[in-house]
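>>> Any chance you could fold what I've pasted below:
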Amino acid sequence: MPLLAILIIRLGKTGFMAGMVAGAWITLFIVIWYDAWMWATFPFMTMELSAYDIIGNLVTGALTGGVIGWVASRIN
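The predicted structure follows:
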């Protein structure tokens, strides 16, 4: 997740909650794009599986963004 760390720090989001919100939004856009590509390309990818994937990645991205924002607040 180096891209996520670079974007959150560039946006100036410090603190756990600010990083969490930014991480959730960034991850949401990336995962929706990726799942749309998967859904259009592979027959095994259903809308239900796509929804589970988006929710799981959104939670993971939000927690990762929160930790990145928290660490950024400790550094500054």
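
>>> what comes up buried for the longest helix belonging to the chain?
Using DSSP state H to define each element, the chain has its longest helix at helix 47-75. By 16 or more other CB atoms under 10 Å, the buried positions in helix 47-75 come out as 50, 53-54, 57-58, 61-72. All C-beta spots, glycine's among them, are computed from the backbone N, C-alpha and C.

>>> What mean pLDDT does that helix get?
Averaged across helix 47-75, the pLDDT comes to 95.

>>> what's that helix packed up against?
Packing partners of helix 47-75 (3 or more CB pairs under 8 Å, 6 or more residues apart in numbering; DSSP states H and E): helix 2-11, helix 16-41.

>>> Show the pLDDT at the spatially most central residue of the chain.
Geometric centre of the chain, nearest residue: residue 27, 2.2 Å, by CA atoms, centre = their mean. Predicted confidence (pLDDT) for residue 27: 95.

>>> Contacts only, for it.
By CB atoms under 8 Å, 6 or more residues apart in numbering, the residues touching residue 27 are 4, 57, 58, 60, 61, 62, 64, 65.

>>> Switch the residues you listed over to a markdown table; also include distance to residue 15.
Rendered in a markdown table, the data for the contacts of residue 27 read as follows (distance: CB to CB, whole Å):
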| residue | distance to residue 15 |
| --- | --- |
| 4 | 16 |
| 57 | 22 |
| 58 | 19 |
| 60 | 19 |
| 61 | 17 |
| 62 | 14 |
| 64 | 15 |
| 65 | 11 |
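
>>> ok, the residues you listed vs residue 36, which is closest?
Distances from residue 36 to the contacts of residue 27, taken as CB to CB, are shortest for residue 57 (13.4 Å).

>>> returning to what we had before: look up how far residue 18 lies from the residue nearest to the centre of the chain.
Plainly put, residue 27 is 15 Å away from residue 18 if you go by CB to CB, to the nearest Å.

>>> How much space separates residue 39 from residue 32?
From residue 39 over to residue 32 (counting by CB to CB), the distance is 10 Å.
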